[in-house]
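A.B. asks: Predicted structure and sequence below. I'll ask about it afterward.
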Amino acid sequence: MNPDIVGGIAGSSVSYLLVKLNAFATRELNLKENINRALQDLEIELREDIEGKLERIHQTRERYTTVTVTVTVTVTRTNSGYNTDLHVRVAPLFIGNLDTVVGIEEPTDKLVSWAHQEKQRLEVMFVVGMAGLGKTTLVHSVYEKVKEHVDGHAWITASKSKTTFDILTLLVEKFGCPITQRDDVVSLTRKLQEALLLKQRYVIVLDDLWVKALWESVKLALPNGRNSRIIITTRRGDIANSGRDGDSIVIHKIQPLSPERAAQLFYLKAFSGTGRCPSGLEEVSKSIIQKCDGLPLGIIEIGRFLSNKSPTRNQWKIFHDSLESELRSNGELSDIVKVLSASYKDLPYHLMYCFLYMSIFPENYPVKRRSLVRLWIAEGFVIEKRSKTLEEVGEEYLEELIDRNLIKANELDFDGLPKSVGVHSLMLMMILSIAHEENFCTVWTGGAPRDLTGKTRRLSIQMQDFEVSHQLPCVRSFFSFNVGKVKIGSNFKLLKVLDIQGTPLEEFSSVITDLLLLRYLSLRNTNIKSIPRSLSDLHFLETLDLKQTLVTKVPKVVLQLKKLHHLLVYRYTINMEGVPPFDIVQGFTAAKDISALKNLQTLSFVKASVQHRMSRLLRMIQGLHNLTQLRKLGVVELAKEDGVSLCRSIGKMSNLHSLSVASLRMDVPLELDAMTNNLPAFLQHLYLKGPLQKFPSWISSLYDLMKIGLKWSSLAENPIPALQNLPHLVELQLLHAYTGTLLEFESGKFPQLKILDLQRLEQLSSIVMEEGSLPCLQKLIIGQCSNLVDVPRGINNLIHLQMLVLYDMPQNVDQLRPLVHHIPCIHSYKQGRLEVFEED
């Protein structure tokens, strides 16, 4: 082709392209300006962030180059930082009078009994608990009682700084073997093994273990048999759990002191002369004890400190109000924080931020487990792992923090997972101090906003009303924990997390949709009624939590949120009588093309009923099959004829863990028999509400199923035989689910069931529990079974039953009394009123 022609075509093409690009740039001018402003804000934040980190690195370098004190103990080197709290850590080893030690009598007897048991094998016990709970004190009292009855004994402090060589050297010396300069770990292991073989029986304590590999190495030198005992104290529950090998290794989890024991110990230390609290100091003393949260370390140190103060109400009130400052690095009680912070400093880098995140929440605030993990993900704290979702990795992070005794599980579900979590009160004070120093989080509880600066990154509002009047360009997360009004401006351009649940919000503010980087949005428990179309601008949104709001419809624009993982839009309703109605869960109407949200993992609760059924419903139900990443699905108002389509969609959800389906009305059957192939193999929770013409046979094949609830099922056939062989089932609820007269539980069946809930089984007249049935049952609920006139036969065989709850049962159910004396907790309600269950 002629070069001039080619050049002309190319020139024309370039010109045409430039014209189009210019037109496109003109149309997107506003977007460019917004991006430029956001980039400028980001530049400011990054510059300040980098400068701050460089300054901290400089300070750290100076600190480590100037502090070079080395203390040598036998063959062990320990750094100076570890010894600053030495007197607090070794004090339990020098307690002269154990009568002044409170709360260890029962666990001491338990551990001594374990140590004296005649078993011709080596047994190991891990004593696990958070820092300051008294692990060393407890084990030392046991050691003193046991060591006189064995041929050899050794107490070794296995601190952070000690190596395997150090520990083996100390043990070899303790058991009388010579050490040479040529010895290494292998030769020391042989020497220790030979020395222990000469002993008929020995006891070894490894106190304050931090490293799993150290224990694994020492274990190699321990010969089996000889009825010997190893006791290990550690804060690291993860080490204890990983070290379990059969029944020869047990774990004793040490608990905080009860309020009564805590008060007793505090008064002994604060009023050493009498051990009694003056009447004028009772109120402030109770408040201080409450902040110690049963932690002996805090109780003892604070009690001793106050024993030297004037016992006046004013002096103690001043101390109470300044407790947090006294715990800081230069405070009078800083040794407490030094002991606690060792656990924080031992964390890997990625877990430090996750732990510091607990500083955002108020004291004693129950933090929901799933919400916390989603928040960590939104902040970017969770690191991707191959073949795992970020949520699964985040759950692992939380499990490790709980195992390390830094975060505590407030309430465990019967599947072993915590419903909510928190931190110890003194630990929270430590976290708040670190978060303040690191500029991680600013907590505003009222007063002048001195701490609010342009560098504030996370803002937690814990006061009645709040209005942002500051320029806060670096704020990434905003939380409100109050019932007052919250007003935020348009200066939060870098915000990733917005959680203002519980505020009296009536409308979805336009300011929210200007937060273009938002990843987590919770308006839970507010009064908003609708979602604006501008929500589509939040392209990075991962979690949209509108639970307990008045929103009933999600607009089509939500389909543009391609990164959305969790969509929660529903509320619970209670009728005037206080009885949960059939339609207690009010869901939302979704767009027909919901299949566009391919990254969804949680969808609750979507309505399957609409006015124009053929034009929308079937396409929405069928579109669910594209949501293959779903872990949790909730569907309400399902018509009978749509059951087959739903089953086909569920068959494509190979990762589904939780499924809840409710029919259109109480008299509309659920048609779920079509799910015979491609079962959700990993399903753990299943809730079905609505009439079932027959029990779905596929449920019996759900190997991983842990919870099942059947409500208003009105089954003529007994569902128990189809459920009794599920190996992991821990909770079974039958509410208006069975129209038969007999429920029989066979011996050896339901091997893991812990909760059995039987309500509104109006034709039920007899319950039979064979001997050996329900071996793990802990909670039994029977309610509104009006024809159940006989005592459940065999209830006296349920030796692990901890709680029995009765609702509106016939009067002659009082015959239970002679058969339930072994059950610690019994409640009987008549028309909502608790009746006292008295023993004969």
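C.D. replies: Yep, that arrived.

A.B. asks: Compute the first-to-last residue distance for stretch 433-443.
C.D. replies: 11 Å (CA to CA, to the nearest Å).

A.B. asks: in that stretch, what counts as buried?
C.D. replies: 433, 434, 435, 436, 439, 440, 441, 442, 443 (16 or more other CB atoms under 10 Å). For the C-beta atoms, the positions are set from N, CA and C on the backbone; glycine is no exception.

A.B. asks: Which residues does it contact?
C.D. replies: 52, 324, 327-329, 337, 341, 344, 353, 356-357, 359-360, 432, 451-452, 455-460, 462 (CB atoms under 8 Å, 6 or more residues apart in numbering).

A.B. asks: Residue 637: what secondary structure?
C.D. replies: Recorded secondary structure, residue 637: strand (DSSP: H, G, I helix; E, B strand; the rest coil).

A.B. asks: how close does it sit to residue 669?
C.D. replies: 14 Å (CB to CB, to the nearest Å).

A.B. asks: shared neighbours of these two, anything?
C.D. replies: residue 663.

A.B. asks: which of these two has more neighbours?
C.D. replies: Neighbour tally, residue 637 and residue 669, criterion other CB atoms under 10 Å: the higher count belongs to residue 637, 23 against 17.

A.B. asks: which residues touch the residue lying closest to the more buried one once chain neighbours are set aside?
C.D. replies: Closest residue to residue 637 apart from its sequence neighbours, by CB to CB, 6 or more residues apart in numbering: residue 609 at 3.9 Å. Counting by CB under 8 Å, 6+ apart, residue 609 makes contact with 617, 637, 638, 639, 664.

A.B. asks: Show the pLDDT at the fourth one.
C.D. replies: Think residue 639. pLDDT, residue 639: 90.

A.B. asks: Thought residue 669 was touching it, still the case?
C.D. replies: No. Using CB atoms under 8 Å, residue 639 is not in contact with residue 669, being 9.7 Å away.

A.B. asks: Are there residues contacting both of these two? Which ones?
C.D. replies: Contact criterion CB under 8 Å, 6+ apart; residues bridging residue 639 and residue 669 by contacting each: residue 663.

A.B. asks: so how far is stretch 681-697 from its chain's centroid?
C.D. replies: Here the centre of stretch 681-697 is set off from its chain's centre by 28 Å, with CA atoms, centre = their mean, to the nearest Å.

A.B. asks: Averaged pLDDT, that stretch. What do you get?
C.D. replies: Mean pLDDT, stretch 681-697: 94.

A.B. asks: Kindly report the same for stretch 413-432.
C.D. replies: pLDDT averaged over stretch 413-432 gives 89.

A.B. asks: Give me the buried positions along that stretch.
C.D. replies: Neighbour count says stretch 413-432 has 413-414, 418, 420-432 buried, by 16+ other CB under 10 Å.

A.B. asks: if you look at these, which of them are in strands?
C.D. replies: Among the buried residues of stretch 413-432, the members falling in strands (DSSP state E) are 418, 420, 421, 422.

A.B. asks: Residue 552: which of the residues you listed is nearest?
C.D. replies: residue 420 (27.9 Å; CB to CB).

A.B. asks: do you know how far the closest one is from residue 205?
C.D. replies: Shown here: residue 420 relative to residue 205, a distance of 35 Å by CB to CB.

A.B. asks: Also residue 212?
C.D. replies: In terms of CB to CB, residue 212 sits 18 Å off from residue 205.

A.B. asks: of these two, who's got more company?
C.D. replies: Taking neighbours as other CB under 10 Å, residue 212 and residue 205 compare with residue 205 leading, 23 against 15.

A.B. asks: which SS state does residue 595 fall under?
C.D. replies: Secondary structure, three-state DSSP: residue 595 is helix.

A.B. asks: Count the neighbours of it for me.
C.D. replies: There are 18 residues near residue 595, going by other CB under 10 Å.

A.B. asks: what's near enough to touch it?
C.D. replies: Counted by CB under 8 Å, 6+ apart, residue 595 has contacts 623, 624, 625, 626, 627.

A.B. asks: Please repeat the previous calculation with a cut-off of 6 Å.
C.D. replies: By CB atoms under 6 Å, 6 or more residues apart in numbering, residue 595 lies in contact with 623, 626.

A.B. asks: Can you check the pLDDT for it?
C.D. replies: At residue 595, pLDDT is 85.

A.B. asks: Please report the distance of it from residue 644.
C.D. replies: From residue 595 to residue 644 the distance is 18 Å (CB to CB).

A.B. asks: Which residues does the nearest residue to residue 773 once chain neighbours are set aside form beta bridges with?
C.D. replies: Residue nearest to residue 773 in three dimensions, not counting chain neighbours: residue 745, with 4.1 Å by CB to CB, 6+ apart. Beta bridges link residue 745 to residue 769, judged by DSSP bridges.

A.B. asks: which residues touch residue 745?
C.D. replies: 769, 773, 774.

A.B. asks: does the first one really touch residue 796, like I thought?
C.D. replies: No. Contact criterion CB atoms under 6 Å: residue 769 and residue 796 do not qualify, at 9.1 Å.

A.B. asks: Between those two, which is the more surrounded one?
C.D. replies: residue 769 (22 against 18).

A.B. asks: Buried residues in whatever helix or strand residue 649 lives in, which are they?
C.D. replies: Assessed by DSSP states H and E, residue 649 sits inside helix 643-651. Neighbour-count burial for helix 643-651, with 16+ other CB under 10 Å as criterion, is recorded at 643, 645, 646, 647, 648, 649, 650, 651.

A.B. asks: what's the burial count for residue 250?
C.D. replies: Neighbours of residue 250 using other CB under 10 Å come to 13.

A.B. asks: next one: residue 411
C.D. replies: 11.

A.B. asks: how about it, phi and psi?
C.D. replies: phi -150, psi 120 (degrees, to the nearest 10).

A.B. asks: Contact partners for it?
C.D. replies: 419, 420.

A.B. asks: And the contacts of stretch 710-729?
C.D. replies: 666, 688-692, 695, 700, 704-706, 734-740, 749-750, 752-753.

A.B. asks: if we go to 7 Å?
C.D. replies: 582, 666, 688-692, 694-695, 699-700, 702-706, 708, 732-740, 743-746, 749-753 (CB atoms under 7 Å, 6 or more residues apart in numbering).

A.B. asks: swap in stretch 548-555?
C.D. replies: 523-531, 533, 569, 571, 588-591.

A.B. asks: Please spell out the PyMOL selection for the buried subset of these.
C.D. replies: Of the contacts of stretch 548-555, the buried ones go into a single PyMOL selection, burial set by 16+ other CB under 10 Å:
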select buried, resi 523+524+525+526+528+531+569+571+588+589+590+591
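
A.B. asks: isn't residue 239 right up against residue 214?
C.D. replies: No. With contact defined as CB atoms under 7 Å, residue 239 does not reach residue 214; the gap is 9.4 Å.

A.B. asks: returning to that earlier point: the residue nearest to residue 773 and residue 758, how far apart?
C.D. replies: Using CB to CB, one gets 11 Å for the distance from residue 745 to residue 758.

A.B. asks: shaky segments in the stretch 451-600 of the chain?
C.D. replies: Along the stretch 451-600 of the chain, the model assigns pLDDT under 70 to residues 451-452, 454, 468-470, 483, 489-490, 575-579.

A.B. asks: hmm, back to that, packing partners of the helix holding residue 649?
C.D. replies: The helices and strands touching helix 643-651, judged by 3 or more CB pairs under 7 Å, 6 or more residues apart in numbering; DSSP states H and E, are helix 618-623.

A.B. asks: Return the distance of stretch 324-341 from the chain's centre.
C.D. replies: 26 Å.

A.B. asks: Residue 274 falls within a helix, correct?
C.D. replies: No. Assignment of residue 274 by three-state DSSP gives coil, placing it outside any helix.

A.B. asks: Look up the pLDDT of it for me, please.
C.D. replies: For residue 274, pLDDT reads 83.

A.B. asks: swap in residue 79?
C.D. replies: pLDDT at residue 79 comes out at 39.
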